[in-house]
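**Student:** Just need the structure, nothing else, for what follows:
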Amino acid sequence: MVLNSLDKMIQLQKNTANIRNICVLAHVDHGDKEYLINLIDSPGHVDFSSEVSTAVRICDGCIIVVDAVEGVCPQTQAVLRQAWLENIRPVLVINKIDRLIVELKFTPQEAYSHLKNILEQINALTGTLFTSKVLEERAEREAESQVNPNSEQGEQVYDWSTGLEDTDDSHLYFSPDQGNVVFTSAIDGWGFGIEHFAKIYSQKTGIRKEVLLKTLWGDYYINTKAKKIMKVDQAKGKKPLFVQLILENIWSLYDAVLKKDKEKTDKIVTSLGLKIGAREARHSDPKVQINAICSQWLPISQAVLAMVCQKLPSPLDITAERVEKLMCAGSQTFDSLPPETQALKAAFMKCGSEDTAPVIIFVSKMFAVDAKALPQNKPRPLTQEEIAERRERARRRHAEKLAAAQGQAPVEPTQDAGALEMSPQGEEPKGDEQGVESETPKPVSPEGSEQESFIAFARVFSGVARKGKRIFVLGPKYSPLEFLQQVPLGFSAPLEDLPPVPHMACCTLENLYLLMGRELEDLKEVPPGNVLGIGGLQDFVLKSATLCTSPSCPPFISLNFEATPIVRVAIEPKHPSEMPQLVKGMKLLNQADPCVQVFIQETGEHVLVTAGEVHLQRCLDDLKERFAKIEISVSEPIIPFRETITKPPKVDMVNEEIGKQQKVAVIHQTKEDQSKIPEGIQVDSDGLITMTTPNKLATLSVRALPLPEEVTQILEESSDLIRSMEQLTSSLNEGKNNPQMIHQKTQEKIWEFKGKLEHHLTGRKWRNTVDQIWSFGPRKCGPNILVNKSEDFHNSVWTGLDGKASKEASRYRDLGNSIVSGFQLATLSGPMCEEPLMGVCFVLEKWDLSKFEEQTASDLVKERQGEGDTRSGGDEQQELQDYGSEPFEKRASQRGESPLTDCYGPFSGQLIATMKEACRYALQVKPQRLMAAMYTCDIMATSDVLGRVYAVLSKREGRVLQEEMKEGTDMFIIKAVLPVAESFGFADEIRKRTSGLASPQLVFSHWEIIPSDPFWVPTTEEEYLHFGEKADSENQARKYMNAVRKRKGLYVEEKIVEHAEKQRTLSKNK
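**Tutor:** Here you go, the predicted model:
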């Protein structure tokens, strides 16, 4: 029974135990209990998986829907993983069972085997997730026991399955006998769990319901003679109970209706005790009859909602593990949080509605609604009395009009008629208009009516959200530790008087809404555990935020998106005068979509970054029709690339081993390359670049090396940890923090990360490299490293973390920062096409500052002589030493000068520029390669169109990884990788070529080196023979590089006129 009365909803919201957050709101009367179910629907396309993430965060459980024919798809895996990562409990609905009967013509026995296979596949996925979690926990425990040697020491035999056997995982898996699986056919309106049939057959056969629940699914059959349930003996051809008692009944119903066997159909309807309307019984379409019978016999809503009420947890059942996970953002651990923050865990678990309980709300996304749809802007419906009164008034007016028309004087018709016309239409309607205004709230202004209003989609985790309540808005980067350091314990000041803390604002909860599908209903307060909409937060929340009355609450961990935004386009208005509307529209779109990114590039282009082609189209339509409401021009997609270097190749382009003849040619070629490098820069035979700053005071020697793939991957995965390391080092350098403040768990993670790097960077070439890492880049957390091997100055990213900061590190810090800045600039835009670098290690071999030190010392001596200072030589020498130990910027500022500025600008600026150029030249003397972004592509296709799928893939530089046939069907699952650059229009083309029988799902996967050299030219006789003198066959890497350079306005080396000798005359084309 579903009710929609608002008062009933508000009453049910207060009973937290009977809330199920799993967005149509339905009040479900289930037996003797009433439940409130918040059902949030999310799109299935992989491009919109960000919507799944926002929904999953505010739910306690989820319904996973699987197609009975297609089985487990890539998106099913993604959804299961998201549910697992958010610690929410899933239940399973296997839908479209009717297709097994009508389309695939399966027998009940075949259908049972097929359904069993689907369940096994899904449980295998769950098992994989569970195994990885248990093994991770065991690894953590082992790491702890190594840190604490006091723990039990005994002879340990390593066994990978230790911990798996001890941990109970039976509740994780889907099984109909556990009640967490429902079989449905939504189009025909039926669905059932085995509990429904267990109840019926226990009454008929006299077998206990508990026994039937355990045996209705599985290989069991009923022995009619002994009246016992026994294990299936396939040799005897016995049918399992599920087939015999359930599926055969459904199959026989479909068979009777589809064959239009009226007598049999009537018999089934009578035996089930159903009443079918005369219209449905006479209908020519058998589907209508099936729907009419099944929706009464096995109503789908009852089966699914009963499972939701019984199997999914209420907000009170939130696990401690989930709470701790939500409260720990970045690389933090729960134990490292301040005690005031840890105390909030109890409020989460209790989900209390007392006045003392802190109000904690999480906003998972902002969504735009038309201002007219808000409850305060809607006209109030008229009561019966008001309608009657208006009718009476209109009737009276009409009567007066008629009387005036009949009794008017013929002498002055126009004047009388005009005067009489004015009275009913001029005065009466005025009163009528006033009446309308009193019934409707303040009308929305024309401007306001067009604009979109933003509502925050949120959930109350603790306390009661009340209209008008003041609350803190905590941004994703807010740290409760900073607040607690600024404000003393037990603060009681009003919110306005608190000191400003970064990433924290204070706002009022203006409007609270109950989300009823498209409708919004006003609420005064919302108890804990409920999903709600909050109005008036658009100025405080961009995409998601944590709202709390206690500033010691940490921001929730950021949402986990399956799809990475990778497809970018530049946008401009068709009419330049409309640029302000475009900027405003893009801001609104950025707020409304959780996954989209909007920014302005250095070139001044307005760029939109989306998760895929479908997502991009959706965003552009929203921009045109809702947010900007203008015509826009969209560029071709801007494809991201990365630049890297590789080891010198061992074979040439015709797969000939590089021999002596080739080496001569290569040396000639490298000499030509070196001629491009300006004079004054020394290049060693093994690629060491030595450069001097313009004022000749410092000399740098830099070498570039390719990093192993594993190291690049570790650096990419650990970007959050590297970022927090960077924050710790900078706060230590500024003297804000002492090393003891770093929590033990964070330190453990850092040393584990260092250990991984040491494990992969082995060999003579990488000796002591990890200890000498000075910085990561670009943006101080990227997949490139700067290694400092200079003898004069030793500094590394690990120095501050173990609490040992060397004196010379502080002495050279300012100059060191310039070197690091130069490295950051070099890694942000490489020499090939100004794209970021990836997997490159820059080694600073030598850093000669002797001339700079001499200059500083001589400047000091001159200064002292100028002052006429008469000090003893010993004192002067001592002062020189003290002076030299200070950072040079500080010394210069003490003298009141700008720090060592000459005609080339400040010395620090010269160091930045020199370091950047040295890194770029070091790259250019090594074999350079482009890296392309790659999609993993999952395609389901029938065997008839397999050849066409392969043709489209090979045309677009795709590479097939595996191909397997789906059991019991003629469907093939193809896994392939495809460059993002070639993916535009791929889905449309594959659908056209296969007549819609194959559709791909593209998800960003990794970066891959394009094997061809963009600068390659033939050098040996074999290569000249194979490729021709011009070697003008298409080079994929060069094509991509030139396209990017053209887009960025960089110089492209290409001939403007090709084949100039071939001319055409006007008279005849030759």
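**Student:** So for the top strand by length along the chain, mean pLDDT?
**Tutor:** Ranked by residue count and defined by DSSP state E, the top strand of the chain is strand 928-942. When pLDDT is averaged over strand 928-942, the result is 89.
**Student:** Ok, stretch 916-925 next?
**Tutor:** Confidence for stretch 916-925, expressed as mean pLDDT, is 90.
**Student:** now stretch 786-806
**Tutor:** Averaging pLDDT along stretch 786-806 gives 71.
**Student:** Distance from stretch 684-698 to the middle of the chain?
**Tutor:** Between the centre of stretch 684-698 and the centre of its host chain there is 44 Å, according to C-alpha atoms, centre = their mean, to the nearest Å.
**Student:** Going by neighbour count, which residues in that stretch are buried?
**Tutor:** The neighbour-count criterion (16 or more other C-beta atoms under 10 Å) identifies G687, L688, I689, T690, M691, T692, T693, N695, L697, A698 as the buried residues of stretch 684-698. In this view, the C-beta of every residue, glycine as well, is placed from N, C-alpha and C.
**Student:** What separation do you get for the last one and M349?
**Tutor:** So the one you mean is A698. With distances taken as C-beta to C-beta, to the nearest Å, A698 is found 60 Å from M349.
**Student:** for the longest strand of the chain, packing partners?
**Tutor:** Packed against strand 928-942 by the contact rule (3 or more C-beta pairs under 8 Å, 6 or more residues apart in numbering; DSSP states H and E) you find strand 641-645, helix 946-955, strand 971-979, strand 999-1009, helix 1036-1048.
**Student:** from these, which stretch is densest packed?
**Tutor:** Compared across those, strand 641-645 shows the largest average neighbour count, a mean of 24 (mean count of other C-beta atoms under 10 Å).
**Student:** got the angle between it and helix 1036-1048?
**Tutor:** Computed by axes from the mean of the first three to the mean of the last three C-alpha atoms, to 10 degrees, the angle separating strand 641-645 from helix 1036-1048 equals 130 degrees.
**Student:** Quick check: mean pLDDT of strand 641-645?
**Tutor:** Computed over strand 641-645, the average pLDDT equals 92.
**Student:** And for stretch 283-290?
**Tutor:** Averaging pLDDT residue by residue across stretch 283-290 gives 88.
**Student:** That one: which residues count as buried?
**Tutor:** Judged by neighbour count using 16+ other C-beta under 10 Å, the buried positions of stretch 283-290 are P286, V288, Q289, I290.
**Student:** Out of those residues, flag the one nearest to I250.
**Tutor:** Each of the buried residues of stretch 283-290 was checked against I250 using C-beta to C-beta; the closest is I290, at 10.0 Å.
**Student:** before we move on, which element is N560 in?
**Tutor:** Under the criterion of DSSP states H and E, N560 resides outside all helices and strands.
**Student:** For it, which non-adjacent residue is spatially closest?
**Tutor:** The spatially closest residue to N560, leaving aside those adjacent along the chain, is L85, at 5.4 Å (C-beta to C-beta, 6 or more residues apart in numbering).
**Student:** any idea where the strands of the stretch 51-200 of the chain begin and end?
**Tutor:** With DSSP state E, counting those that start in this stretch, the ranges of strands along the stretch 51-200 of the chain come out as 61-67, 89-95, 181-185, 190-192.
**Student:** export those strands to CSV and tack on mean pLDDT and mean neighbour count?
**Tutor:** Formatted as CSV, the entries for those read as follows, by pLDDT from 0 to 100; neighbours: other C-beta atoms under 10 Å:
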stretch, mean pLDDT, mean neighbour count
strand 61-67, 90, 19
strand 89-95, 91, 21
strand 181-185, 93, 25
strand 190-192, 92, 23
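**Student:** how about those in JSON lines, adding distance to S552?
**Tutor:** As requested, these are exported to JSON lines (distance: least, C-beta to C-beta, whole Å):
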{"stretch": "strand 61-67", "distance to S552": "30"}
{"stretch": "strand 89-95", "distance to S552": "30"}
{"stretch": "strand 181-185", "distance to S552": "43"}
{"stretch": "strand 190-192", "distance to S552": "47"}
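**Student:** Just tell me which of the ones you listed ends up closest to A857.
**Tutor:** Nearest to A857 among the strands of the stretch 51-200 of the chain is strand 61-67 (70.5 Å), distances taken as C-beta to C-beta.
**Student:** can I assume N695 sits in a strand?
**Tutor:** No. With the criterion set as DSSP: H, G, I helix; E, B strand; the rest coil, the secondary structure at N695 is coil rather than a strand.
**Student:** just checking, it touches F907?
**Tutor:** Yes. With contacts defined as C-beta atoms under 8 Å, N695 counts as touching F907 at a distance of 7.0 Å.
**Student:** Now do stretch 555-566: distance to the chain's middle.
**Tutor:** Its chain's C-alpha centre and that of stretch 555-566 lie 3 Å apart, by C-alpha atoms, centre = their mean.
**Student:** Name the residues of that stretch that come out as buried.
**Tutor:** By 16+ other C-beta under 10 Å, the buried positions in stretch 555-566 come out as P555, F556, I557, L559, F561, E562, A563, P565, I566.
**Student:** now the closest residue in space to the fifth one that isn't next to it in sequence: how far from A403?
**Tutor:** Leaving aside its chain neighbours, F561 sits nearest to S50 (4.9 Å; criterion: C-beta to C-beta, 6+ apart). Between S50 and A403 the distance is 68 Å, computed by C-beta to C-beta.
**Student:** and what of E967?
**Tutor:** In this structure, E967 and A403 are separated by 86 Å, where distance is defined by C-beta to C-beta.
**Student:** With C619 instead?
**Tutor:** Counting by C-beta to C-beta, the gap from C619 to A403 is 62 Å.
**Student:** Hmm, E982 is touching R959, no?
**Tutor:** No. Between E982 and R959 no contact is recorded; they are 11.2 Å apart, counting by C-beta under 8 Å.
**Student:** Name the residue in those two with the higher neighbour count.
**Tutor:** Between E982 and R959, E982 has the larger neighbour count (other C-beta atoms under 10 Å), namely 17 against 13.
**Student:** On the pLDDT front, check the residue minimising distance to the centre of the chain for me.
**Tutor:** Centrality entry for the chain: nearest residue to the mean C-alpha point is F561, 2.1 Å, by C-alpha atoms, centre = their mean. In this prediction, F561 carries a pLDDT score of 79.
**Student:** Against V46, how distant is it?
**Tutor:** Applying C-beta to C-beta, one obtains 11 Å for the distance of F561 from V46.
**Student:** so what's M940 up against?
**Tutor:** Applying C-beta atoms under 8 Å, 6 or more residues apart in numbering, we find M940 in contact with E70, C73, K966, M971, F972, I973, I974, A998, S999.
**Student:** Nearest to K543 among these?
**Tutor:** Using C-beta to C-beta, the contacts of M940 come closest to K543 at C73, 28.0 Å.
**Student:** Compute the number of surrounding residues for that closest one.
**Tutor:** Applying other C-beta under 10 Å, we find 17 other residues in the vicinity of C73.
**Student:** related to what we said a few turns ago, of the helices and strands packed on strand 928-942, which is nearest P927?
**Tutor:** Judged by C-beta to C-beta, the one of these that comes nearest to P927 is strand 641-645, at 6.2 Å.
**Student:** what's the spacing between that closest one and its chain's center?
**Tutor:** Relative to its chain's centre, strand 641-645 lies at 24 Å (C-alpha atoms, centre = their mean).
**Student:** then that strand to CSV, C-alphas only?
**Tutor:** Once non-C-alpha atoms are left out, strand 641-645 reads as follows in CSV (Å, rounded to 0.1, in the frame of the first residue of the first chain):
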residue,chain,number,x,y,z
PHE,A,641,48.7,13.5,-24.3
ARG,A,642,51.8,13.0,-22.1
GLU,A,643,55.5,13.2,-23.1
THR,A,644,58.2,10.7,-22.0
ILE,A,645,61.5,9.2,-23.0
